[in-house]
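Visitor: One predicted model, sequence on top.
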Amino acid sequence: MLSRRTVTTPIREVLDSRTFYHYLAAQYAEVVATRRAYFGAVDDIVVVHAPAAPAVLDIGCGDGVRAARLASAVGASHLVLVDIAQADTPSVLKGRFSLVTCLWNVLGHLDGKARQLALRNTADLLAPGGRLMFDVNNRYNAAHYGFAAAFRNFAKDIIGRGDGDYLATRNVGGRMITTEVHVFSQREVRSLLRSAGLAVHREWFVNYRTGHRCHTPWAGQLVVEAKVTPTVQRSRWRNRRSP
Ligand SMILES: C[S@@+](CC[C@H](N)C(=O)[O-])C[C@H]1O[C@@H](n2cnc3c(N)ncnc32)[C@H](O)[C@@H]1O
């Protein structure tokens, strides 16, 4: 005999990034602790490959603890921290930075337009020889999202139906909170950088659980070191020299 079941569909309230992280704040250190191995690996990449960096800007700093640690490891004497609603506001930031960091899929919390603007602003803020170092969640990361999901994402991209937009949900003290998050492909990141006047200098894939470096996009999140393209660099140089 079939039994009657009442199925209740929980209503999911999708919060904007600011509200989502506001609720998450009390638990933030706990969440960070679950990604210790991954963060350690990404931080090592930043410290080993970042240029000598007297001035560091961290975009989407969270509690700022990680950025402060990194800035001190690269010998910075000046650290600027930026969080919500400032990354895409050009007037907020002045000066030139030898290193700009944007870690743990911060770019995935910006909508398409803000993401583009944030990258363009970042290109303007980089000192000559400066680097932008960031990591994003990779939608082909089968090791983390599962083969079916990664393959589905790949197939959708092939037929031009992939948009990379998802909902991320966390349990905060028994309350499920949800926000929109963008998950990237390597190709998409390269194209975003290109249209912001930036180019990939180096890329790595890092396993989200173990922090091990891997050689294929199917096994990790994407870490990128980017620099201003030679064309933008030359035009800056010309503008500086023109009367
Ligand atoms: C996953 S956390 C990463 C925090 C930090 N970068 C780290 O590695 O620990 C994402 C951060 O992006 C910030 N964020 C979201 N939207 C933003 C925006 N429009 N401008 C700047 N930061 C933003 C959030 O407030 C949050 O602190």
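Guide: Noted; the coordinates are in hand. Numbering: from 1, shown residues only.

Visitor: buried ones in the biggest strand by length in the chain?
Guide: Longest strand of the chain, by residue count under DSSP state E: strand 126-136. Neighbour counts over strand 126-136 (16 or more other CB atoms under 10 Å) mark Leu126, Ala127, Gly130, Arg131, Leu132, Met133, Phe134, Asp135, Val136 as buried. No exception for glycine: its C-beta is placed from N, CA and C like everyone else's.

Visitor: Please identify which pair of these lies farthest apart.
Guide: Ala127 and Val136 (23.3 Å; CB to CB).

Visitor: What does the pLDDT read for Arg18?
Guide: At Arg18, the model reports a pLDDT of 87.

Visitor: Need phi/psi at it.
Guide: The phi/psi pair for Arg18 (degrees, to the nearest 10) reads phi -60, psi -50.

Visitor: wouldn't it be in contact with Ile84 here?
Guide: Yes: if you go by CB atoms under 8 Å, Arg18 and Ile84 touch, sitting 4.7 Å apart.

Visitor: Looking at the two, which is more packed in?
Guide: When Arg18 and Ile84 are compared for neighbours, Ile84 comes out ahead with 16 against 12, by other CB atoms under 10 Å.

Visitor: Double-check that that one belongs to a helix.
Guide: No: counting by DSSP: H, G, I helix; E, B strand; the rest coil, Ile84 is located in no helix; its state is coil.

Visitor: Distance from the helix-or-strand element of the chain with minimal mean pLDDT to the middle of the chain?
Guide: Lowest by mean pLDDT, DSSP states H and E among the helices and strands of the chain is helix 230-241, with a mean of 79. Helix 230-241 sits 28 Å away from the centroid of its parent chain (CA atoms, centre = their mean, to the nearest Å).

Visitor: Would you mind putting the CA coordinates of that helix into CSV?
Guide: In CSV, the C-alpha atoms belonging to helix 230-241 read as follows (Å, rounded to 0.1, in the frame of the first residue of the first chain):
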residue,chain,number,x,y,z
PRO,A,230,52.1,44.5,-22.9
THR,A,231,49.6,46.6,-24.9
VAL,A,232,48.1,48.3,-21.8
GLN,A,233,51.6,48.6,-20.3
ARG,A,234,52.9,50.4,-23.5
SER,A,235,49.9,52.7,-23.6
ARG,A,236,50.4,53.6,-20.0
TRP,A,237,54.0,54.3,-20.7
ARG,A,238,53.1,56.5,-23.7
ASN,A,239,50.6,58.5,-21.7
ARG,A,240,53.1,59.1,-19.0
ARG,A,241,55.6,60.5,-21.5
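
Visitor: still on that earlier bit, partner strands of the longest strand of the chain and their direction?
Guide: Using DSSP bridges, strand 126-136 pairs in its sheet with strand 97-102 (parallel), strand 221-228 (antiparallel).

Visitor: next one: the longest one to chain centre, how far?
Guide: Which is strand 221-228. Centroid separation for strand 221-228 versus its chain: 10 Å, with CA atoms, centre = their mean.

Visitor: Report whether that strand contacts the ligand.
Guide: No: for strand 221-228, no contact with the ligand is found by CB under 6 Å from any ligand atom; the gap never falls below 11.7 Å.

Visitor: And the most centrally placed residue in the chain, how close does it get to Ser17?
Guide: By CA atoms, centre = their mean, the chain has its centre lying nearest to Asn105, at 2.8 Å. Separation of Asn105 from Ser17 (CB to CB, to the nearest Å) stands at 11 Å.

Visitor: Please apply the same query to Phe205.
Guide: Distance from Phe205 to Ser17, by CB to CB: 25 Å.

Visitor: swap in Asn207?
Guide: Asn207 is 26 Å from Ser17, where distance means CB to CB.

Visitor: Then Leu57?
Guide: Look at Leu57 and Ser17: by CB to CB, they are 19 Å apart.

Visitor: picking that back up, dump the strands paired with strand 126-136 into a markdown table; add mean neighbour count as well.
Guide: Converted to a markdown table, the strands paired with strand 126-136 look like this (neighbours: other CB atoms under 10 Å):
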| stretch | mean neighbour count |
| --- | --- |
| strand 97-102 | 26 |
| strand 221-228 | 24 |
